[in-house]
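S.K.: give me a model of this one.
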Amino acid sequence: MVIAMVTWGMAWSSAKIVNNFLPYNELVFLRFFIGCITMLPFLVRRPISFFSICRKDWWNMIIVSVLFFFYNQCFFMGTDVGQAGRGGVFVTTMNPIVTFIISSWISKKIEITHTLAIFIGIIGGLYILDVFNGGMVKLVFSGNIYFISCAVIWGIMTILMSLGQKNIDSIWYITICYFITSIISIPFIHIGTIFSSSLLQGPFLIHFFIVCNAMSLGTSIYIYAAPRLGAVQVSTFIFSVPFIAMTTAYFVINEPIGINVIIGGILSIFSISIVNYKK
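M.R.: Model prediction:
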């Protein structure tokens, strides 16, 4: 999960850069098509009968794939018109709250430590956004609506992915979702744009690799861990992403970083240690 969070944090700044090379639809398609391809080697010794997958599980994967598509649309749009670092903070601190609300709504038992960790994580996120210094106006920035959408969509996906893997091998579940999402993306792309020679430039290849790695490695780990650690506990790991996202944005795209980011990052990481403490 630590590795997954590092890849996620780095992806926000890289997404802002690759937006200069390709439209959103093409980026979403390539991200999931490549992600699906990279998962294939892990399926060799994992035989599965597609006929054994029940209709409910197929619907779960289809819904998750549709949400994947919309999440990534909002992800690329938000990083394009807004600040990547602050977007990473906003999305990753809102996601556990959405997960918490949904889990409570379906009457899933949540320990007091989970609630405490989420509260500390929120405080950490507000510090990173510098709300305590500049007021709630700090929450209003370009691209905010896309980041809010990302947080809500991912919170819903966390619950669905945890439920969907009860009867399906996690690696197959991940691969099928990536494949379906890439299929969903096809009607919205222009093939000629994908094969443009401009995409062979170093900056695009480097940063698109980071963006794809965040999904192929980071998201795959997240999906694999969700049913094993629990949706709420897994989501609290995301509190480490704000600090990583803001730090990466500072070095890669020159977005400012301050003491508030350090304080917020420490609080966010502390929240993870609370929820994972074993008595």
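S.K.: is Ile37 in a helix, a strand, or coil?
M.R.: At Ile37 the chain is in helix, as set by DSSP: H, G, I helix; E, B strand; the rest coil.
S.K.: sec struct for Pro47, please.
M.R.: Following three-state DSSP, Pro47 is assigned to coil.
S.K.: and after the helix or strand harbouring Leu27, which helix or strand comes next?
M.R.: Under the assignment given by DSSP states H and E, the secondary-structure element containing Leu27 is helix 24-39. Note on helix 24-39: by DSSP H and E, the next helix or strand toward the C-terminus is helix 55-81.
S.K.: my guess is Met215 contacts Phe32. True?
M.R.: Yes - A contact is recorded between Met215 and Phe32 when judged using Cβ atoms under 8 Å, the distance being 7.3 Å. C-beta here means a position set from N, CA and C on the backbone, and glycine is covered the same way.
S.K.: what is in contact with those two at once?
M.R.: Applying Cβ atoms under 8 Å, 6 or more residues apart in numbering, one finds that Met215 and Phe32 are jointly contacted by Tyr178.
S.K.: please tell me how far Asp57 sits from Ile48.
M.R.: From Asp57 over to Ile48 the distance is 12 Å, taken as Cβ to Cβ, to the nearest Å.
S.K.: and if you look at Val137?
M.R.: Distance from Val137 to Ile48, by Cβ to Cβ: 52 Å.
S.K.: quick one: which of the two has more around it?
M.R.: Each of Val137 and Ile48 had its neighbours counted (other Cβ atoms under 10 Å), and the higher figure belongs to Ile48 (15 against 8).
S.K.: just the pLDDT for the more buried one.
M.R.: Among the per-residue scores, Ile48 shows a pLDDT of 83.
S.K.: quick check: phi and psi at it.
M.R.: Geometry field for Ile48 lists phi and psi as phi -150, psi 150, criterion degrees, to the nearest 10.
S.K.: next one: Arg45
M.R.: Main-chain dihedrals, Arg45, degrees, to the nearest 10: phi -100, psi 30.
S.K.: hmm, Gly35 is touching Tyr178, no?
M.R.: Yes - with contact defined as Cβ under 8 Å, Gly35 counts as touching Tyr178 (4.6 Å).
S.K.: what touches both of those two?
M.R.: Met215.
S.K.: overlap in contacts, Asp57 and Ile48.
M.R.: Joint contacts of Asp57 and Ile48 (Cβ under 8 Å, 6+ apart) are Ile168.
S.K.: just the helices from the stretch 51-200 of the chain, written as ranges.
M.R.: Using DSSP state H, counting those that start in this stretch, the helices of the stretch 51-200 of the chain run over 55-81, 84-105, 112-128, 131-134, 144-164, 170-185, 191-194.
S.K.: so which of those helices gets nearest Ile262?
M.R.: Taking Cβ to Cβ as the criterion, helix 112-128 is the member of these that comes nearest to Ile262, at 8.9 Å.
S.K.: report the inter-axis angle for the closest one versus helix 84-105.
M.R.: Angular relation of helix 112-128 and helix 84-105 on a 0 to 180 degree scale: 160 degrees, by axes from the mean of the first three to the mean of the last three Cα atoms, to 10 degrees.
S.K.: average pLDDT across stretch 62-80?
M.R.: The average pLDDT for stretch 62-80 rounds to 96.
S.K.: quick one: distance of that stretch to the chain centre.
M.R.: 10 Å (Cα atoms, centre = their mean, to the nearest Å).
S.K.: show me what counts as buried in that stretch.
M.R.: Residues of stretch 62-80 classed as buried under the neighbour-count rule (16 or more other Cβ atoms under 10 Å) are 63-65, 67-80.
S.K.: just stretch 97-117 next, same as before
M.R.: Going by neighbour count (16+ other Cβ under 10 Å), the buried part of stretch 97-117 is Ile97, Val98, Thr99, Phe100, Ile102, Ser103, Ile110, Thr113, His114, Ala117.
S.K.: any chance of these in JSON lines, plus pLDDT and distance to Gly192?
M.R.: Listed next are the buried residues of stretch 97-117 as JSON lines, based on pLDDT from 0 to 100; distance: Cβ to Cβ, whole Å:
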{"residue": "Ile97", "pLDDT": "75", "distance to Gly192": "42"}
{"residue": "Val98", "pLDDT": "78", "distance to Gly192": "38"}
{"residue": "Thr99", "pLDDT": "78", "distance to Gly192": "40"}
{"residue": "Phe100", "pLDDT": "75", "distance to Gly192": "45"}
{"residue": "Ile102", "pLDDT": "80", "distance to Gly192": "41"}
{"residue": "Ser103", "pLDDT": "76", "distance to Gly192": "45"}
{"residue": "Ile110", "pLDDT": "68", "distance to Gly192": "50"}
{"residue": "Thr113", "pLDDT": "76", "distance to Gly192": "53"}
{"residue": "His114", "pLDDT": "74", "distance to Gly192": "49"}
{"residue": "Ala117", "pLDDT": "78", "distance to Gly192": "48"}
